[in-house]
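Visitor: Below is the sequence, then the predicted model.
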Amino acid sequence: MALGSVVAAVTALALLILIRFLYVVLWSGKLLHGKSQKTYSTLVILGSGGHTAEMLNLLSVLQKERFAPRFYVAAATDIMSLQKARVLEDSLVDVAGVSSGETAKYMQIYRSREVGQSYITSVWTTLVATAHALYIMIQLRPEVILCNGPGTCIPLCIIAFLFKVLGIRWSSIFYFTWRA
């Protein structure tokens, strides 16, 4: 009798998780807040190569007062991306007279896989990167996530999706692609 109760409880739990998962997938693409004047804490994921330049081009036309505070995240081995983000934020100080220290924070995250790293050794580094991403997401709990494809965004976006399914935080993930 006890085994039947356990099986029924596990089945009910699995069904509830499946229903919540489907609910999140269905509602993820829809606007929830309409045209409110609310500000949204925003996680901006930068990547090496052209990813940072593309993201900064996007941010140059973003309504910065609506997306504040902004948290910039780049890979721990990528020094240039966060420097470029600081330059962008410092230029906003000149225009708006608002200190970027009030609206922007900068942090680094471990990479899941370095360029040229073997897939076998990347299993461990991916687990470490995911644990670090979980720590960052618990700390920040952003409402908006902006990304354009660097590998750094994968653990962060997966955790944001899991937070939605578990009801911890509903983050809207915006993935941008660029065409020439």
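Guide: Yes, it's here. The shown structure was predicted, so the numbers you read here are calculated from the model rather than taken from an experiment. Numbering: from 1, shown residues only.
Visitor: any idea which helix or strand carries residue 89?
Guide: Take DSSP states H and E as the rule and residue 89 turns out to sit in helix 80-96.
Visitor: An error on my part: the question was meant for residue 105.
Guide: strand 104-109.
Visitor: can you give me the offset of that strand from its chain's centre?
Guide: Chain-centre distance of strand 104-109: 12 Å, with CA atoms, centre = their mean, to the nearest Å.
Visitor: list the helices and strands it packs on?
Guide: Packed against strand 104-109 by the contact rule (3 or more CB pairs under 8 Å, 6 or more residues apart in numbering; DSSP states H and E) you find strand 70-75, helix 80-96, helix 119-140. Where you see a C-beta, it was placed from the backbone N, CA and C, and this is true even at glycine.
Visitor: where does the chain have its least confident helix or strand?
Guide: helix 100-103 (a mean of 62; mean pLDDT, DSSP states H and E).
Visitor: re earlier: mind listing what's buried in the strand holding residue 105?
Guide: 104, 106, 108, 109 (16 or more other CB atoms under 10 Å).
Visitor: which residues are in contact with it?
Guide: Applying CB atoms under 8 Å, 6 or more residues apart in numbering, the external contacts of strand 104-109 come out as 69-76, 78, 82, 85-86, 89, 129, 132-133, 136, 152, 155-156.
Visitor: out of these, which are buried?
Guide: 70-75, 78, 82, 85, 89, 129, 132-133, 136, 152, 155-156.
Visitor: just checking, next helix/strand downstream of the biggest helix by length in the chain?
Guide: Secondary structure assigned by DSSP state H gives helix 2-27 as the longest helix of the chain. Using DSSP H and E, the helix or strand that follows helix 2-27 towards the C-terminus is strand 42-45.
Visitor: Can you name every helix or strand that that next one contacts?
Guide: Checking 3+ CB pairs under 8 Å, 6+ apart, strand 42-45 ends up next to helix 50-59, strand 70-75, strand 144-147, helix 153-166.
Visitor: Switch these over to TSV; also include distance to residue 11 and mean pLDDT.
Guide: Shown next, in TSV, are these (distance: least, CB to CB, whole Å; pLDDT from 0 to 100):
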stretch	distance to residue 11	mean pLDDT
helix 50-59	43	88
strand 70-75	39	94
strand 144-147	33	93
helix 153-166	18	90
